[in-house]
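Participant: What follows is a predicted protein model with its sequence.
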Amino acid sequence: MNAPDADFIIIGSGPAGVSAAFPLIAAGRRVLMLDAGDDLGLQEENRSVRVLGSDLESLRVDDGSSPKLQTPVSRGILERFQRDAGISGNGFKPIGSLARGGLSNIWGAQISYLDAGDIADWPIDLASLQNSYERVAQRIGISTNADLTTGADGEAVLPLGATAAHVLRRHKAAKPADGSFRLFAAVNAILSEARPGRAACDLRGDCLYGCPSGAIYNSRHDLLLLRKSPHFCLLDNRRAVSLTRDLGWTVKTADGSSFSAPRIILAAGVLGTAALLTDLLPIGQQGLRLLNSPTLAIPLLSPARLLRSMTPTHSLAQLGLSLRYGDGASDYVTGAIYEVGSLPVQSFVNRMPLGRKAGRAAFELIAGSLLVATIYYPGDQSRSYIHRDATAKKGLTVRGGFTDGFEIRAEALKKALRREWKRLGLIQLPGASLAEPGIDAHFAGTLPMGETGPFGSSSDGELNLHPGLHVVDGSILPDLSSKYITMTIMANADRIAHRLAALEAPAAQ
Ligand SMILES: Cc1cc2nc3c(=O)[nH]c(=O)nc-3n(C[C@H](O)[C@H](O)[C@H](O)COP(=O)(O)OP(=O)(O)OC[C@H]3O[C@@H](n4cnc5c(N)ncnc54)[C@H](O)[C@@H]3O)c2cc1C
Ligand code: SF4
């Protein structure tokens, strides 16, 4: 190894990478962060560019995926990943990013916390994760939606939309048809009060196209803070292409540079990390098991809110829900309910069994009473594998699928949910759909912590086969509950970085 460029090299500037960087620099460690993206996209853009795209890419044909994935920013991020990351999909949409800030540029910002049951098989205790949850929550800013007509109890709140508030009131008034059904105000990484460099949410509901005021957390915000530290250096446009070990580790980047450190921390996202490790893991015929969350989208109508106007709020998740479908600890789905009025009319019209003109007229009439629920299953309901690409010399293909009997379970769940919708005064509209695997962007489990064998890693995310190579993104989560995953990825990265910071004395400056 050449003279080390840093004590730690972190690859990736998404939520995982920045969460690992803070504890290390606080302990005086020199951190070099390499990212495939750059600063572009941070400039103030006017609304029409954010909505339509600088090349009018929004006017391209709707490909049936979530409206969130069709905005100009999303298309730019996902298309670059699909072009340059060396990962293709077969029955699977490989969602990933090679952009500064990673997928936090386009995420939905909904927050969930795992509990003791969710991590029963992990080699860590809940208390250590909880400390990290608290630190991360303080850093990124969290708010809960609240029905302000019923008053708030001192926590950071943003107003629930009127239709969502109506549904929540109905839920509180009548017992669920299924005793395990829970409906609650969503918790999101959105600021209700301004912080340096970030404004509070202005409730204009433009969130689909990116949040120009910085109210929605994006790990780019953290980079501004990190860059103030003399111990931190971020290098843009450095796409890592290979990792080699000598006395320490050396990373080669696509522009021909190389950087060395005793320890490397991979935070390239589950698919990005797998791509980087292709030559270092014995991926055989069977492939590398990838956990993802099968996802259902269900359009709903609240007749009581027909012809009523919408009230100001953000357009991220308004309500959260969960429902059990089996007796196993992880046999429950988690979901979110969104008000639809602020989504592009076209994405609704395309999903309705109506003509274009009739669909548009219907949308305008009922927009304020429309909701959409997205439902996530746990990762054990997926059957997805990462394979070496037989046709390319270097490259991976993800084959997506569902576990046996999944469709029967999904039908039973839809039936159970229909009873809850009825109780809540909601009508399920035609057009409920199961998303192509991958669209969920909830990935985990390729390099599980605590697993022995060539694909396992330690509780510090250090790969069994490669000492000094640590992973802090979703790859190392041993299983994938149906809950939103990013808060846990960040907390686990924070937890690991605290442990790494304590391992050895800082290098002499
Ligand atoms: C539309 C959408 C909505 C979502 N909504 C939610 C939600 O509501 N709640 C939730 O919990 N999660 C949500 N997610 C998931 C969430 O975005 C991810 O879990 C999270 O971004 C993962 O963080 P990460 O840092 O591990 O990876 P990423 O965010 O993917 O970041 C990876 C980083 O690594 C860099 N990188 C990759 N490869 C290389 C390389 N070879 N060399 C150098 N750099 C590299 C990239 O440039 C990027 O900076 C959503 C995702 C999408 C797409
Ligand atoms: S409404 Fe959405 S886009 Fe506007 S400030 Fe709030 S979170 Fe950001």
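Facilitator: All right, it came through fine. Numbering: from 1, shown residues only. Ligands and ions are numbered 1, 2, ... in the order given.

Participant: Around ligand 2, which positions in the stretch 51-200 of the chain sit nearby?
Facilitator: Where the stretch 51-200 of the chain comes near ligand 2, counting by C-beta under 6 Å from any ligand atom, the residues are residue 190. All C-beta spots, glycine's among them, are computed from the backbone N, C-alpha and C.

Participant: and the stretch 51-200 of the chain, which residues reach ligand 1?
Facilitator: Selection of the stretch 51-200 of the chain residues close to ligand 1 by C-beta under 6 Å from any ligand atom yields 68-69, 95-100, 102-104, 106-110.

Participant: Quick check: the farthest pair among the residues you listed?
Facilitator: Greatest spatial distance in those: 98 and 110, 23.9 Å, computed using C-beta to C-beta.

Participant: re earlier: now, the residues of the stretch 51-200 of the chain next to ligand 1 that are in strands?
Facilitator: Counting by DSSP state E, no part of those is found in strands.

Participant: Just among those, which is most surrounded?
Facilitator: The residue in those with the most neighbours, by other C-beta atoms under 10 Å, is residue 102 (32 neighbours).

Participant: who touches the spatially closest residue to that one that is not a sequence neighbour in this structure?
Facilitator: Nearest residue to residue 102, sequence neighbours excluded (C-beta to C-beta, 6 or more residues apart in numbering): residue 14, at 2.4 Å. By C-beta atoms under 8 Å, 6 or more residues apart in numbering, residue 14 lies in contact with 97, 101-104, 219, 267, 269, 473.

Participant: what's the answer for residue 234, then?
Facilitator: Contacts of residue 234 were listed using C-beta under 8 Å, 6+ apart, and they are 13, 33, 35, 223, 226-227.

Participant: so which of these also contact ligand 1?
Facilitator: 13, 35.

Participant: possible to save the contacts of residue 234 as JSON lines with neighbour count?
Facilitator: Conversion of the contacts of residue 234 to JSON lines gives the following (neighbours: other C-beta atoms under 10 Å):
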{"residue": "13", "neighbour count": "29"}
{"residue": "33", "neighbour count": "27"}
{"residue": "35", "neighbour count": "26"}
{"residue": "223", "neighbour count": "21"}
{"residue": "226", "neighbour count": "21"}
{"residue": "227", "neighbour count": "11"}
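
Participant: Closest one to residue 362 out of the contacts of residue 234, please.
Facilitator: Set against residue 362, the nearest of the contacts of residue 234 by C-beta to C-beta is residue 13 (42.9 Å).

Participant: With residue 416 as the reference, measure out to the closest one.
Facilitator: 41 Å (C-beta to C-beta, to the nearest Å).

Participant: do the same with residue 235
Facilitator: Distance of residue 235 to residue 416, computed by C-beta to C-beta: 51 Å.

Participant: cool, and residue 170?
Facilitator: 18 Å.

Participant: next one: residue 269
Facilitator: Look at residue 269 and residue 416: by C-beta to C-beta, they are 33 Å apart.

Participant: One more: residue 467?
Facilitator: Using C-beta to C-beta, we find residue 467 at a distance of 48 Å from residue 416.

Participant: Between those two, which is the more surrounded one?
Facilitator: Using other C-beta under 10 Å, the more surrounded residue of residue 467 and residue 416 is residue 416, with 17 against 12.

Participant: part of a helix, is the more buried one?
Facilitator: Yes - counting by DSSP: H, G, I helix; E, B strand; the rest coil, residue 416 falls inside a helix.

Participant: is it true that it touches residue 324?
Facilitator: No - counting by C-beta atoms under 8 Å, residue 416 does not reach residue 324; the two are 9.2 Å apart.

Participant: any residues in contact with both of the two?
Facilitator: Shared contacts of residue 416 and residue 324 (C-beta under 8 Å, 6+ apart): residue 178.

Participant: which residues touch the residue nearest the centre of the chain?
Facilitator: Note on the chain: the residue nearest the mean C-alpha position is residue 486, at 5.1 Å, using C-alpha atoms, centre = their mean. Listed by C-beta under 8 Å, 6+ apart, the contact partners of residue 486 are 15, 104, 107, 111.

Participant: Pop out the phi and psi values for it.
Facilitator: Per-residue torsions, residue 486: phi -70, psi -40 (degrees, to the nearest 10).

Participant: before we move on, what about residue 278?
Facilitator: Backbone geometry at residue 278, expressed as degrees, to the nearest 10, gives phi -50, psi -50.

Participant: ok, it - how many residues close by?
Facilitator: Neighbours around residue 278, by other C-beta under 10 Å: 18.

Participant: do the one 5 residues further on as well
Facilitator: In terms of burial, residue 283 registers 20 neighbours under the definition other C-beta under 10 Å.

Participant: Contact partners for it?
Facilitator: Here residue 283 is in contact with 386-388 (C-beta under 8 Å, 6+ apart).

Participant: Repeat that for residue 215.
Facilitator: Contacts of residue 215 by C-beta under 8 Å, 6+ apart are 190-191, 198-202, 314.

Participant: Distance-wise, check it relative to ligand 2.
Facilitator: 4 Å (C-beta to the nearest ligand atom, to the nearest Å).

Participant: Could you tell me the end-to-end distance of stretch 225-238?
Facilitator: Terminal residues of stretch 225-238 are spaced 21 Å apart (C-alpha to C-alpha, to the nearest Å).

Participant: So what's the gap between it and the chain middle?
Facilitator: Offset of stretch 225-238 from its chain centre (C-alpha atoms, centre = their mean, to the nearest Å): 23 Å.

Participant: Which parts of it count as buried, going by neighbours?
Facilitator: Within stretch 225-238, the residues that qualify as buried are 225-226, 229, 231-235, 237-238, counting by 16 or more other C-beta atoms under 10 Å.

Participant: Give the helix, strand or coil label for the nearest residue to residue 182 once chain neighbours are set aside.
Facilitator: Spatial nearest neighbour of residue 182, chain neighbours left out: residue 322 (4.8 Å); criterion: C-beta to C-beta, 6+ apart. Classification of residue 322 using three-state DSSP returns strand.

Participant: host element of residue 132?
Facilitator: Using DSSP states H and E, residue 132 sits in helix 126-140.

Participant: Pull out the buried residues from that helix.
Facilitator: 126, 128-129, 132-133, 135-137, 139-140.

Participant: got the residues you listed as TSV, with distance to residue 336 and pLDDT columns?
Facilitator: Formatted as TSV, the buried residues of helix 126-140 follow (distance: C-beta to C-beta, whole Å; pLDDT from 0 to 100):
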residue	distance to residue 336	pLDDT
126	24	96
128	28	94
129	22	97
132	24	98
133	19	98
135	25	97
136	20	98
137	19	97
139	23	97
140	18	97
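
Participant: count of residues packed around whichever residue of the stretch 301-450 of the chain sits closest to ligand 2?
Facilitator: Nearest to ligand 2 in the stretch 301-450 of the chain, going by C-beta to the nearest ligand atom, is residue 314, at a distance of 3.9 Å. By the criterion of other C-beta under 10 Å, residue 314 has 27 neighbours.

Participant: so which helix or strand takes in the residue lying closest to residue 126 once chain neighbours are set aside?
Facilitator: Of all residues not flanking residue 126 in the chain, residue 116 sits nearest, at 4.9 Å (C-beta to C-beta, 6+ apart). According to DSSP H and E, residue 116 maps onto no helix or strand at all.

Participant: same check, this time on residue 88
Facilitator: For residue 88, the host element (DSSP H and E) is strand 87-90.
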